[in-house]
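Trainee: Sharing a model prediction with you, sequence too.
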Amino acid sequence: MRQPLHRTAAVSAGQAIAARRAQYGAVLIVGLVMLAVMTLLVVSMIKTSVVELKIGGANQIAQQNLTNAELMINNFVDVNNGRFASNYLPLPLGSGGPVAPPTGTPSYSPTTGTYTVTPVNVHGGTAGLQVRQIQCSGIRRVGMQLGGTVEHVFFDVRSTAAGSLGGSTTVHQGIRSMVPAGSC
C-alpha cells in the first residue's frame, strides 16, 4: 500500500525534527566536554605561571644577596689594598691593622684568629664579613732579584649576605699577598 504523499512528507519532517533535537543534545554534551577540557588547560597554565613567577622572584633575591656579599668583599679588599701582611688582622687600625667599612663594627677573636665586621645595611638586606689568615709561607725561586725567596701571606675573606625578603648567600674569596722576606 502506498501512503499518500503528504503523509510521507509529514513523517519525514517529523523524523528530521526529532533528529535535530537529538543532535542539539549531542552538541550540548560535546560543547560541555570541550569547555571542561579547556578549563583544565587554563588552570594548568595559571599554576605553571605562578610557579615560574616564584622561581623568578627567588632567583632575583639570590642574585641580590650574591651581589651584596661580593660588594662587601670588594669594599674590604679595596680599602685594605697594600696593607695585607702577616699577622696584621689583630693590629689596631692606627698600627697598620685592617680598615673596616664605615658603618661596620670590627672585632678580632684571638682564639679563632678571625677578624669580623658586624653585618651592615646594603641594598635590600645586610652583609657581614669575616677574614682569617690561612698561612704565610716562603717560596724559593732561583734567579729572583729579591734574594731568591718570595714570601706570601694567604687570607680567606668570607661574606654572608641576608636579604630583607629572605635567603642568604655566603661568598669566599682567597687573597694572596706578597710580603717582605723574613715576614713569615
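Mentor: Great, that's in hand.
Trainee: use CA for all of it now, contacts and neighbours both
Mentor: OK.
Trainee: doesn't Cys184 make contact with Cys136?
Mentor: Yes: between Cys136 and Cys184 a contact is recorded at 5.4 Å, counting by C-alpha atoms under 8 Å.
Trainee: Between the two, which is the more surrounded one?
Mentor: Summary of the neighbour comparison: Cys136 and Cys184, criterion other C-alpha atoms under 10 Å, with Cys136 having more neighbours (19 against 15).
Trainee: what are the pairing partners of the strand or helix carrying that one, and which direction each?
Mentor: Take DSSP states H and E as the rule and Cys136 turns out to sit in strand 125-140. Its sheet considered, strand 125-140 pairs with strand 114-122 (antiparallel), strand 149-163 (antiparallel) by DSSP bridges.
Trainee: in the protein, which spans are helices?
Mentor: The residue ranges that make up the helices of the chain, judged by DSSP state H, are 5-79.
Trainee: returning to that earlier point: just the CA atoms of the strand holding Cys136, as CSV, please.
Mentor: The C-alpha atoms that make up strand 125-140 are tabulated as CSV, following Å, rounded to 0.1, in the frame of the first residue of the first chain:
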residue,chain,number,x,y,z
GLY,A,125,69.5,43.4,53.1
THR,A,126,72.6,43.1,55.3
ALA,A,127,76.1,41.7,54.8
GLY,A,128,78.7,40.7,57.3
LEU,A,129,82.4,39.9,56.8
GLN,A,130,85.0,37.5,58.3
VAL,A,131,88.7,37.5,57.4
ARG,A,132,91.1,34.8,58.6
GLN,A,133,94.8,34.4,57.8
ILE,A,134,95.3,30.9,56.4
GLN,A,135,99.1,30.7,56.2
CYS,A,136,102.3,32.6,55.5
SER,A,137,105.0,30.8,53.5
GLY,A,138,108.2,31.4,51.6
ILE,A,139,108.7,30.1,48.1
ARG,A,140,112.3,29.7,46.9
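Trainee: Give me the angle between that strand and helix 5-79.
Mentor: 50 degrees (axes from the mean of the first three to the mean of the last three C-alpha atoms, to 10 degrees).
Trainee: could we number from 810 for the rest of this?
Mentor: Yes, from this point I'll number from 810; that puts the last item at strand 934-949.
Trainee: tell me the mean pLDDT for strand 934-949?
Mentor: When pLDDT is averaged over strand 934-949, the result is 86.
Trainee: can you check stretch 977-986 too?
Mentor: What stretch 977-986 shows for mean pLDDT is 91.
Trainee: which stretches of the protein have low pLDDT?
Mentor: Applying pLDDT under 70 to the chain flags residues 810-833, 948-957.
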